[in-house]
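**Student:** Mind looking at a prediction? Sequence and model below.
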Amino acid sequence: MKEFLDKACTMYYEGYPILSDDEFDMLADKHQYNAVGYKVTDAVPHTYRMYSLKKCFDLTDAPLSIEDCIETPKLDGAAVSLLYVEGLLQLALTRGDGIQGRDITDKMRLLVPEEISITNLVQITGEVVAPSSVPNARNFASGSLGLNDLEEFATRPLAFVAYGQERVVNRNYDATLEGLERIGFNTALSFDCTDYPTDGIVYRLRDNFEFEKMGHTSNHPRGAFALKEQKMGEITTLSDVVWQLGKSGVVSPVGILDPIEIGGATVSRATLHNIEYIRDLDLEIGCQVEVIRSGEIIPRIVRRVEPS
């Protein structure tokens, strides 16, 4: 299962997810899988590590008091770090595995200020996002960062929204973001995300010093968390399983479902990935299952539903 989840991580950060967030979180929790991001072959180290956020689905499980936090939307795009030295943009990287990422400096010069008034070394982190009107907006944003054609990249409707700064001098997080706004950045504090995809809310300690004092786990800062939206699927019956030969020559199982309507489309088939996935969900012909459409496109079985 680790090999499968490693592949899922890589495909997600490359912009071609094979699992929805809900599916991945469920399997990662079940198998105690803690890897974050993915390895890239042409990797460049981040000056400061980019951590993921601890996720929860109910504020009763929140690891912090939200009264001590700043609340911002969790934009659904591609995470990026920007390194400025003596006020000039020197390096921009995809998140990768959080320790190292791919150099995308040439592309980010088209989205962010090339020169800022902060003269000491500073790393600014944020999200490259595409509007919701673009099909599969998150994949579109992530895939755009992989383009080799700068002219094509320049035509794409993308924005960079900053949410973090290393080497901060302000005591409060909101003051940090307001400072980034003054030097030309969109920030998560004030960016109008009405027309952009979000998948939850980020709560981050207001006090920067307390945030730093709390430190990090191996993957997450202790001073922030994401409250994720739970996407509910539709319940139907798994009536059969067939095996399908893909273009790459790989044979994979497909679930045949009693037809259901999801998001305005009739769904009667759903990918099952491999035999291990079937075993992990304890699926069998005739059982009830919950089905979602990942990215509003690909039908996936996310769990077995026991009769009430």
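**Tutor:** Okay, I see it.

**Student:** What count of nearby residues applies to the nearest residue to R269 once chain neighbours are set aside?
**Tutor:** Counting by C-beta to C-beta, 6 or more residues apart in numbering, R269 lies nearest to V254, which is 5.5 Å off, once chain neighbours are set aside. Where you see a C-beta, it was placed from the backbone N, CA and C, and this is true even at glycine. Neighbour count for V254, taken as other C-beta atoms under 10 Å: 16.

**Student:** List the buried residues of stretch 110-129.
**Tutor:** 111-113, 116, 118, 122-129 (16 or more other C-beta atoms under 10 Å).

**Student:** hmm, back to that, for the strand or helix carrying the residue nearest to R269, give me every contacting residue.
**Tutor:** If you go by DSSP states H and E, V254 is part of strand 251-262. Here strand 251-262 makes contact (C-beta atoms under 8 Å, 6 or more residues apart in numbering) with 233-246, 266-275, 278, 283, 289, 291-293, 299, 301.

**Student:** one more time with 7 Å
**Tutor:** 234, 236-246, 266-275, 278, 291, 293, 299, 301 (C-beta atoms under 7 Å, 6 or more residues apart in numbering).

**Student:** same check, this time on stretch 144-157
**Tutor:** 14-15, 78, 94, 104, 106-107, 110, 128, 130-131, 134, 158.

**Student:** what ranges do the helices span in the stretch 51-200 of the chain?
**Tutor:** Using DSSP state H, counting those that start in this stretch, the helices of the stretch 51-200 of the chain run over residues 105-108, 137-144, 150-154, 173-182.

**Student:** Tell me, domain by domain, which residues of the chain belong where.
**Tutor:** 2-33+232-305, 43-228 (automatic domain parsing).

**Student:** quick one: low-confidence ranges for the stretch 101-250 of the chain?
**Tutor:** The model of the stretch 101-250 of the chain has pLDDT under 70 over residues 229-232, 246-249.

**Student:** go with 50
**Tutor:** Residues of the stretch 101-250 of the chain meeting the criterion pLDDT under 50: none.

**Student:** Going along the chain, name the strands of the stretch 51-200 of the chain.
**Tutor:** Taking DSSP state E, counting those that start in this stretch as the test, the strands found in the stretch 51-200 of the chain are 54-56, 69-75, 78-85, 88-94, 100-102, 122-129, 159-165, 186-187, 198-205.

**Student:** Distance to G223 for the ones you listed - can I get that in CSV?
**Tutor:** Compiled in CSV, the strands of the stretch 51-200 of the chain are given as follows (distance: least, C-beta to C-beta, whole Å):
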stretch, distance to G223
strand 54-56, 10
strand 69-75, 9
strand 78-85, 18
strand 88-94, 23
strand 100-102, 23
strand 122-129, 15
strand 159-165, 12
strand 186-187, 18
strand 198-205, 4
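
**Student:** of these, which approaches F225 most closely?
**Tutor:** F225 lies closest to strand 54-56 among the strands of the stretch 51-200 of the chain, at 4.5 Å (C-beta to C-beta).

**Student:** burial of the spatially closest residue to A62 that is not a sequence neighbour, as a residue count?
**Tutor:** Closest residue to A62 apart from its sequence neighbours, by C-beta to C-beta, 6+ apart: C56 at 5.9 Å. For C56, the neighbour count with other C-beta under 10 Å is 16.

**Student:** of all the helices of the stretch 51-200 of the chain, which lies closest to H46?
**Tutor:** helix 105-108 (13.1 Å).

**Student:** The closest one: which residues count as buried?
**Tutor:** Neighbour-count burial for helix 105-108, counted by 16+ other C-beta under 10 Å, picks out K107, M108.

**Student:** Tell me where the stretch 201-308 of the chain has strands.
**Tutor:** Going by DSSP E, counting those that start in this stretch, the stretch 201-308 of the chain shows strands at 224-228, 234-245, 251-262, 265-271, 288-294, 298-305.

**Student:** mind giving me CSV with the ones you listed and columns for distance to T72?
**Tutor:** Putting the strands of the stretch 201-308 of the chain into CSV (distance: least, C-beta to C-beta, whole Å) gives the following:
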stretch, distance to T72
strand 224-228, 10
strand 234-245, 31
strand 251-262, 30
strand 265-271, 33
strand 288-294, 25
strand 298-305, 28
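
**Student:** of all those, which lies closest to L189?
**Tutor:** When the strands of the stretch 201-308 of the chain are compared (using C-beta to C-beta), the closest one is strand 224-228, at 14.0 Å.

**Student:** For the closest one, which strands pair with it and how are they oriented?
**Tutor:** Sheet pairing of strand 224-228 (DSSP bridges) gives strand 54-56 (parallel), strand 198-205 (antiparallel).

**Student:** Tell me which of these is the most buried.
**Tutor:** strand 198-205 (a mean of 20; mean count of other C-beta atoms under 10 Å).

**Student:** How far away from the center of its chain is it?
**Tutor:** Remark: strand 198-205 is offset 12 Å from the chain centroid, using C-alpha atoms, centre = their mean, to the nearest Å.
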